[in-house]
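**Q** Here's a sequence, model it:
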Amino acid sequence: MVVANDLSSKTLPRVLIVSRRTLRKNKLVDFVGEYHLDLVVSFGAVPVIVPRVTGVQSMLHSFEPIHGVLLCEGEDIDPSLYAHDADLSPEDMDEINRLHPGDTTIDREKDSIELTLAKLCLERNIPFLGICRGSQILNVAAGGTLYQDIDKEIGTTTKHIDYDNYDEYRHAVRVVEETPLHEWFDEMDEIMVNSYHHQGVKRLAKRFEPMAYAPDGLIEGFYDRNRYDPEEGQFLMGLQFHPERMRLSGSDEFDYPGCASAYQAFVKAATAFQKKKKKTLVKSFSGSEILEVNMVLSKQQENRLKQMGATVRNSSVYLKRMKRKEEQERAMDKLSSERLSDLLSFHRMMARLCSDAINRKQQESAEKTIESFSFLNY
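**A** Reported below is the predicted structural model:
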């Protein structure tokens, strides 16, 4: 395993990871798998665990700054969140619940927390890595859908889960050429992966491209080509399989050197994102002065600051003004079309009145100037 060196004096990027809950000694316990945490730390980022606690969603802003989000573990996602249309009978559902009792319990609080974070990453371009359930969350957040049960819906002959042989189980996937996955695994056309799931991507969100397929055609990895540039803080990816668990029996050594590459590239992107966003520089209209903002702004917010002509180093006044403008826009959205039409007519009338007044004043000023010159000439 790679170990990050000389990090004690550095401010490291913060990677949010949502925990999973389990029952232990009659009490609920939150946890995150050690492999995920080890890899994030070893490549030089700080894992910040978001506990799956009721009400934490309203506190997510307090976890700022966020330089990356890693989602990796949990139960099935609520089918109502992706408009599921599978024709599964009550008998089918009973069988699915019997075969996968640890996964079919819906955790709506966790769904809500993770979907909120995934959508935040999509909006702000924050680096995101989804493993297994995390890849499904990413697809749903971007508008895709899932198979509620791949055995029932596609009649797969590929075994995607082995409860009796979790760590050791492998199945083949075909790697798509000219993708990050193909590069990480030394351009191999096929690799053997560990997987542990009974759901998967049904309709891939439009922005994503597949990186790997199982023999039954199920997508096992995808990414946004337009959001993949770790050096520039760009990373948006989902892997249905578990590269972190693909290790030689009785050893911490990976099956392939490329197994840890997703985490390495993800942390590299989070580090670049941190450096890029630590001080957001917004040029003024003149280009001679800048505004320094010690917070992460969305692209939309940056553009609005530019439009406002921000030229000072203390950004608080401009941020307050921008907030007021956003509040005014939300208030306008609540008005009826008739009311908006009336307001538009009123403001057009006022614009004409102001324009006429300005013209009169300019005319009067010009006439006075002419009179002054006439007097001097006289």
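
**Q** gap between the residue nearest the centre of the chain and S135?
**A** The centroid of the chain falls nearest to C121 when counting by C-alpha atoms, centre = their mean (2.2 Å). Look at C121 and S135: by C-beta to C-beta, to the nearest Å, they are 13 Å apart. Heads up, the C-betas are built off the backbone N, CA and C, glycines and all.

**Q** contacting residues around stretch 90-109?
**A** 21, 52, 54, 57, 74-78, 88, 148-149, 152, 161, 198 (C-beta atoms under 8 Å, 6 or more residues apart in numbering).

**Q** Then stretch 27-45?
**A** Against stretch 27-45 from outside (C-beta under 8 Å, 6+ apart): 1-4, 7, 10, 12-15, 17, 19-23, 46-47, 49, 51-53, 67-68, 70, 72-73, 131, 244-245, 260, 263-264, 267-268, 270-271.

**Q** quick check: domain ranges of the chain?
**A** 14-275, 279-333, 335-378 (automatic domain parsing).

**Q** and the ones you listed, which is most packed in?
**A** Compared across these, domain 14-275 shows the largest average neighbour count, a mean of 18 (mean count of other C-beta atoms under 10 Å).

**Q** how long is stretch 254-263 end to end?
**A** 13 Å (C-alpha to C-alpha, to the nearest Å).

**Q** any idea of the mean pLDDT in it?
**A** Mean pLDDT, stretch 254-263: 95.

**Q** cool, stretch 163-180 as well?
**A** pLDDT averaged over stretch 163-180 gives 93.

**Q** Return the distance of it from the chain's centre.
**A** 24 Å (C-alpha atoms, centre = their mean, to the nearest Å).

**Q** quick one: the residue lying closest to R174 once chain neighbours are set aside and G250, what's the gap?
**A** Nearest non-adjacent residue to R174, counting by C-beta to C-beta, 6 or more residues apart in numbering: Y213, 4.9 Å away. Applying C-beta to C-beta, the value for Y213 to G250 is 30 Å.

**Q** these two touch, right, N194 and D167?
**A** Yes. Using C-beta atoms under 8 Å, N194 is in contact with D167, at 6.9 Å.

**Q** who touches both of those two?
**A** Shared contacts of N194 and D167, counting by C-beta under 8 Å, 6+ apart, come down to R245.

**Q** quick one: contacts for the nearest residue to T11 once chain neighbours are set aside?
**A** Once flanking residues are discounted, T11 sits nearest to Q274: 7.9 Å by C-beta to C-beta, 6+ apart. By C-beta under 8 Å, 6+ apart, the residues touching Q274 are 11-14, 65, 67, 233.

**Q** One more pass at 10 Å, please.
**A** When contacts are counted by C-beta atoms under 10 Å, 6 or more residues apart in numbering, Q274 is found next to 11-14, 45, 65-68, 127, 233, 296.

**Q** Same check on R14?
**A** Applying C-beta under 10 Å, 6+ apart, the residues near R14 are 45-48, 63-69, 270, 274.

**Q** Same list (these) but as TSV, adding distance to F185.
**A** Listed next are the contacts of R14 as TSV, based on distance: C-beta to C-beta, whole Å:
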residue	distance to F185
A45	23
V46	28
P47	25
V48	29
F63	33
E64	35
P65	33
I66	29
H67	26
G68	22
V69	24
A270	22
Q274	28
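
**Q** Mutual contacts of C121 and S135, please.
**A** 71, 129.

**Q** Y166 touches H197, doesn't it?
**A** No. Judged on C-beta atoms under 10 Å, Y166 makes no contact with H197 at a distance of 11.6 Å.

**Q** so what's T158 scoring on pLDDT?
**A** 89.

**Q** For it, which residues are in contact?
**A** By C-beta under 10 Å, 6+ apart, the neighbours of T158 are 150-151, 171-173, 195, 214-218, 220.

**Q** can you check E244 too?
**A** 33-39, 72, 131-132, 194, 254, 259-260, 262-263.

**Q** got the phi/psi numbers for it?
**A** Per-residue torsions, E244: phi -70, psi -20 (degrees, to the nearest 10).

**Q** Against F254, how distant is it?
**A** E244 is 9 Å from F254, by C-beta to C-beta.
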